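[1] Kindly generate the corresponding structure for this input.
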Amino acid sequence: MRLLQMVLFFVSLLFSAQETPSDTAQVTVSGRLNSAQAMAAPYVIMISSDGYRYDYSQKYQATHLLQFSSEGVRAKAMYPSFPSITFPNHWSLVTGLYPAHHGLIDNYFYDYKRQAWYKMSSKANAEDGSWYGGMPLWSLAESQGMLSASMQWVGSASDAGNYRPTYYYHYHEKFSPEDKVQKVVSWLKLPERVRPHFITLYFPEVDAAGHHFGPDTPQTEQAVTSIDNAIGNLVKQVRALGLKNVNYIFVSDHGMIKVHTEKPLEIPEMLLDKNRFDIYNSQTLLRVVVKNPAELKSVYHDLKKNKTHQYQVKLVKRMPGKLHFGEKDDRYQRLGQILLIPEAPEIFLEKGKKTSEGKHGYNPNTTPEMKATFYAWGPAFKSHQTIPAFQNVNVYPLVAEILGLHITQGIDGNIRVLQKTLKK
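    As a prediction, this is how the structure comes out:
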């Protein structure tokens, strides 16, 4: 007991900065300790570089990531869930559920049951676990006696799944990639009883560059190099700690494509009637809510009749099953009834609105530029293995398997997809 008190005192001193009223301060949930079983478990550091397209490492010669993935496991690509958007896919990665199953269907959406908006830029939304379905990996770990930590992963500051990570940060963009690396290393320097075994780490830089400048630019290349160097430094510093069985999983949420910004698609004029329709335009996907259900059939036919070859008109109830974004999948009733789906690289843009050079959100099955990245290396993984592309919901059971966690809720992912990447 005396030793335990000393450990907790050490942690309180180490992270006393959390008491500073600043959005950059770490938040620590007090009173948690690893179980004996957790202390004997491996470590998993799961890293996401937002918008890191499946071919960026080769395209921009990301030296460290190419080396690590060559030594371990490299997927030819990873398919993001549809739509290939940031918040839905980061939540799919840590819950093993498709967006229509976990409810986070877009970065911005309206919930008619709650009569409220979800906006990724709203701290109140982002940290309210009632918006998020599924059991995130850090909650799964914490519920089974294993401490976790998160550096700004989507939803990690919320109470989704009833457990926040033991160590986490509110989202901000004041940390550099190297700052984040040092935070992760500091977690792994903690005493065993309070050291996290599951860590998530998020980098937004590559996505930001791809949006602002496009995927085929020096700025995006520079962002890729920056993240590659940060990960190289992370691995170097963690190795110096002498910890056994540290495993790394590097993923992204989606890819990026340069879009047609000079002549965007016009939203059909009939849909601008706010008395009849609500429309939600992410530019690469336009969702339509028909306020009078009796009009749905006629509206659909009118849209089909007047559409151009540059986009598709789909009833939500007739969406292809493999996208898991149809009426039968809509567990939270947030999708609407009609989808207008541009053919890449076209976008829908309201008059007077601005857009960016690069976009994502398209169907990854038909737009290769949407495909994401998956690399894994460490003692748990086989060496020098290249695997076919797979759906991102399968990362969840892989992490649970490595950490020895029992999956307690139904998921869409299946360990059989990635079991072959593991040594045991």
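
[2] Quick test: name the residue nearest the centre of the chain.
    For the chain, H90 is the residue whose C-alpha lies nearest the centre (Cα atoms, centre = their mean; 1.3 Å).

[3] which secondary structure element contains that one?
    helix 86-95 (DSSP states H and E).

[4] Who are the packing partners of the helix or strand following that helix?
    Using DSSP H and E, the helix or strand that follows helix 86-95 in sequence is helix 99-102. If contacts are counted by 3 or more Cβ pairs under 8 Å, 6 or more residues apart in numbering; DSSP states H and E, helix 99-102 sits against helix 86-95. For glycine as for every other residue, the C-beta is placed from the backbone atoms N, C-alpha and C.

[5] Could you export the helix holding H90 as PDB, CA atoms only?
    The C-alpha trace of helix 86-95 is given here as PDB (Å, rounded to 0.1, in the frame of the first residue of the first chain):
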ATOM      1  CA  THR A  86     -12.600  12.000 -41.100                       C
ATOM      2  CA  PHE A  87     -14.800  11.700 -38.000                       C
ATOM      3  CA  PRO A  88     -16.800   8.700 -39.200                       C
ATOM      4  CA  ASN A  89     -13.700   6.700 -40.200                       C
ATOM      5  CA  HIS A  90     -11.700   7.500 -37.100                       C
ATOM      6  CA  TRP A  91     -14.600   6.200 -35.000                       C
ATOM      7  CA  SER A  92     -14.900   3.100 -37.200                       C
ATOM      8  CA  LEU A  93     -11.300   2.300 -36.600                       C
ATOM      9  CA  VAL A  94     -11.700   2.400 -32.800                       C
ATOM     10  CA  THR A  95     -15.100   0.700 -32.600                       C
END
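
[6] now the helices for the chain?
    In the chain, the helices defined using DSSP state H lie at 2-14, 36-39, 56-59, 63-71, 86-95, 99-102, 123-126, 137-143, 177-188, 205-213, 218-241, 296-306, 395-403.

[7] If I take the longest one and helix 177-188, what angle do their directions form?
    Read it as helix 218-241. Helix 218-241 and helix 177-188 are oriented at 20 degrees to each other (axes from the mean of the first three to the mean of the last three Cα atoms, to 10 degrees).

[8] what sits up against stretch 406-417?
    By Cβ atoms under 8 Å, 6 or more residues apart in numbering, the residues outside stretch 406-417 that reach it are 95-98, 101, 134-135, 140, 143-144, 324, 390-391, 393-398, 400-401.

[9] Mind checking the pLDDT average for that stretch?
    Regarding stretch 406-417, the rounded mean pLDDT is 98.

[10] Need phi/psi at G413.
    phi -80, psi 160 (degrees, to the nearest 10).

[11] Separate out the buried members of the contacts of stretch 406-417.
    By neighbour count, with 16 or more other Cβ atoms under 10 Å, the contacts of stretch 406-417 hold 95-98, 101, 134-135, 140, 144, 324, 390-391, 393-398, 400-401 as buried.

[12] hang on, the earlier thing: what separates the residue nearest to the centre of the chain from A62, distance-wise?
    From H90 across to A62, the span is 21 Å (Cβ to Cβ, to the nearest Å).

[13] Can you name the residues bridging to V290?
    Beta-bridge partners for V290, by DSSP bridges, are F277.

[14] In the stretch 1-150 of the chain, where is pLDDT below threshold?
    Low-confidence regions of the stretch 1-150 of the chain, defined by pLDDT under 70, span residues 1-22.

[15] let's go with 90 and repeat that
    The model of the stretch 1-150 of the chain has pLDDT under 90 over residues 1-23.

[16] what's the neighbour count on the closest residue in space to T217 that isn't next to it in sequence?
    Nearest residue to T217, sequence neighbours excluded (Cβ to Cβ, 6 or more residues apart in numbering): A209, at 7.3 Å. Neighbours of A209 under the rule other Cβ atoms under 10 Å: 24.

[17] try K305
    The local packing of K305 (other Cβ under 10 Å) involves 8 other residues.

[18] distance of it from I411?
    41 Å.

[19] and what of P99?
    13 Å.

[20] neighbour count winner among the two?
    P99 (30 against 22).
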